[in-house]
Structure formats: C-alpha cells, structure tokens
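A.B. asks: sequence and predicted structure, then a few things I'm wondering about:
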Amino acid sequence: MRDEVKKNRSAFIPHPSSLIPSYIPPKRRFGQNFLADERIIERIIREVRPLEAETIVEIGPGQGALTSRLIEKTGRLCAVEFDRDLIPLLHEKFGTRANFTLIEGDALAVNLCSVIAPSTQARVVANLPYYISTAILQRLIEQRACLTEMVLMLQREVVERITAPPASGERGFLSVLVEAYCEAESLFDVPPTAFRPVPKVWSTVVRLRVRPQMGVVVANENLLWRIVSIGFAQRRKTIFNNLRSAPVDLISLIEKAGGAEHALESAGIEKERRAETLTLEEWGNLSRLLESL
C-alpha cells in the first residue's frame, strides 16, 4: 500500500497556479454536495476538537472547507480524495503545509492503517456521499485496529438506522454491526441548505467511538455476521422463518442444534420474534450456540 501511495503522489504533476480554477463544480456521479455553511463547519470542528499531537484522516475533502480548519489545529492531516479533478486544487491550497498529506484514491480501497504510518492510531472526519456512505462506514469498521473515533456526516436516515435500539423499526444489520464495534452518538442535524448543490435530504453528524473490545463475546465473528445477515434477510418474517431459509452449511449447524426452533429456544429467543427486536447479546447467544457444535 505504501508503494501505491508513493505511486499516487509521484503521478501528480503540479499545474501552474494560474490554470487551477478556484471552484470546481460538484459531480453528480460522485454524489458530491460541498459543505458551505460556516456555522456548521465551525460546529463540526468544535465536536472534533483536533489536537496537535494526533493524526486525523479526512475522507473526501472536496474543496477544503473542513480541511482548512483541521489543518490549523491538528498535528498531521491525511486527506483521501477520489475525484482527480480536485487534486490540483487541494495541492494548491494545502500542499505547502508540512502537516498535510494528500492521497488520491478510493476510500473503499485505501488502507488507512498504512496511510497514517508511522502513526499507529488516528481519528476520521468525513462528509460522506449518500450513495456510498454505508459501504465506507463498513470499511472503516474493518480498519478499526488503527482508528479510535469517527465524526461522520451522513444522511439522517442512515444515522437513525445506526443508532436504532432493539424493537425499533429502523434497526437492521448496520445497527447491530455498529453497536458491536462502536459507541454511537448522534450530535446534530444539518439542513440541506448547508450544502452546494442543495440535496433533497437532511444530514446528521454522528460520533462513533471505537470500542476497545467488541461489545459481545463470540469466538467466530464471521459466523455472527452471517447469522445477523440471515436474520434480517426478510424483515417481515420471524427470525425462525429466516433461519429456516439459511444457506445449506448454516442449516447443517442449525440441525445439529436440534433445528431452528430448538436453537432459538436454547439461546433464549422466542421463535415468533423478528430480527429487529433482538439485542446484541441475544445475537451473541445464538452465535455462541452454533459455533460450539
């Protein structure tokens, strides 16, 4: 990954500053909505509270609205930008700063733990495009070994799903995943008028603190997430019916436990319940039961 980063840097050829536009229109295909409200920008900075002794990763700096504030307060800022048309502009604005590193790449593919080296931990700040926010969030959780906190701007409905408690109609796979690895705190809503162009939806800034240990004890995390995924496969069905429709290899485990009804009973879960009513610990009970077979 370091070779890839070096390649990205070396491939950049600075343009004469007179040829670099001061404003580049947002691209619809990238889901770009640039944050333009100074009050919202300042409020995000207050929530982040950048420190001189830390490394911060900014995903999707865009035209640098948040970048310009972060770079003044944090010891080191690593920005990951996918839109190559924005790279010259960001280099022009911040390239002379010793504490700034710009990586041209896809946040879904970049290894952040390598990017922040020699730092071993960092925080993430991002205004994520709506169409890919869930995928990036899952990718960030995968890299939690080197991340301590994420302050993210997401579509409000996504944050409602992330923070949904058991029995809430908004609760789904993402709710359980985030709860297992992070402590989630919804901070404040952001109106559409804070962006250019103006989107049709509200946004919410959320803080995710990475747990030092997973919120539920299981030996096989992959099995846990397969079970949770199957449980939410058809939301209108009960957990019992969804388990009966599991893939063959998982059905084999369930049969070893005496069938779906007996497995649920052994895990302390009534078969008539739906997946959104289960707590994280109940998912863990079911996973531990099956992994012991």
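C.D. replies: Now that the structure is in, tell me what you want to look at.
A.B. asks: who does the spatially closest residue to Arg144 that is not a sequence neighbour bridge with?
C.D. replies: Counting by Cβ to Cβ, 6 or more residues apart in numbering, Val210 is the residue found nearest to Arg144 once chain neighbours are left out, at 4.8 Å. For every residue, glycine as well, the C-beta is placed using N, CA and C. Under DSSP bridges, the beta-bridge partners of Val210 are Cys182.
A.B. asks: contacting residues for Val210?
C.D. replies: The contact partners of Val210, taken as Cβ atoms under 8 Å, 6 or more residues apart in numbering, are Arg144, Leu147, Thr148, Glu149, Met150, Tyr181, Cys182.
A.B. asks: list the contacts for the last one?
C.D. replies: When you say that, I think you mean Cys182. Ile141, Arg144, Met150, Leu208, Arg209, Val210, Arg211.
A.B. asks: for the residue lying farthest from the centre of the chain, give me phi and psi.
C.D. replies: Here the chain reaches farthest from its C-alpha mean at Gly258, the gap being 37.5 Å by Cα atoms, centre = their mean. Backbone geometry at Gly258, expressed as degrees, to the nearest 10, gives phi 100, psi 10.
A.B. asks: for the one 10 residues further on, same thing?
C.D. replies: For Gly268, the backbone dihedrals are phi 80, psi 30 (criterion: degrees, to the nearest 10).
A.B. asks: and stretch 154-167, how far out from the chain's middle?
C.D. replies: In terms of Cα atoms, centre = their mean, to the nearest Å, the centre of stretch 154-167 is set 13 Å apart from its chain centre.
A.B. asks: what does that stretch rub up against?
C.D. replies: Contact partners of stretch 154-167, identified using Cβ under 8 Å, 6+ apart, comprise 128, 130, 133-134, 137, 170-172, 174-175, 178, 184-186, 189, 201-204, 206, 208, 276-279.
A.B. asks: ok, back up a step: of the contacts of Val210, buried ones?
C.D. replies: Arg144, Leu147, Glu149, Met150, Tyr181, Cys182 (16 or more other Cβ atoms under 10 Å).
A.B. asks: in a strand, the third one, correct?
C.D. replies: Yes. Using DSSP: H, G, I helix; E, B strand; the rest coil, the secondary structure at Glu149 is a strand.
A.B. asks: quick check: beta-bridge partners of it?
C.D. replies: Bridge pairing for Glu149 - DSSP bridges - gives Arg123, Arg209.
A.B. asks: tell me how far it lies from Ala184.
C.D. replies: Distance, Glu149 to Ala184, by Cβ to Cβ, to the nearest Å: 11 Å.
A.B. asks: hey, what's in contact with both of those two?
C.D. replies: Joint contacts of Glu149 and Ala184 (Cβ under 8 Å, 6+ apart) are Arg207, Leu208.
A.B. asks: quick one: the helices in the stretch 151-293 of the chain?
C.D. replies: 156-162, 173-181, 221-231, 239-244, 248-256, 260-266, 280-291 (DSSP state H, counting those that start in this stretch).
A.B. asks: ugh, wrong one, the stretch 1-150 of the chain
C.D. replies: 2-11, 38-48, 67-73, 87-94, 112-115, 133-142.
A.B. asks: okay, those helices in JSON lines with mean neighbour count next?
C.D. replies: JSON lines is the format used below for the helices of the stretch 1-150 of the chain (neighbours: other Cβ atoms under 10 Å):
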{"stretch": "helix 2-11", "mean neighbour count": "12"}
{"stretch": "helix 38-48", "mean neighbour count": "15"}
{"stretch": "helix 67-73", "mean neighbour count": "18"}
{"stretch": "helix 87-94", "mean neighbour count": "20"}
{"stretch": "helix 112-115", "mean neighbour count": "19"}
{"stretch": "helix 133-142", "mean neighbour count": "18"}
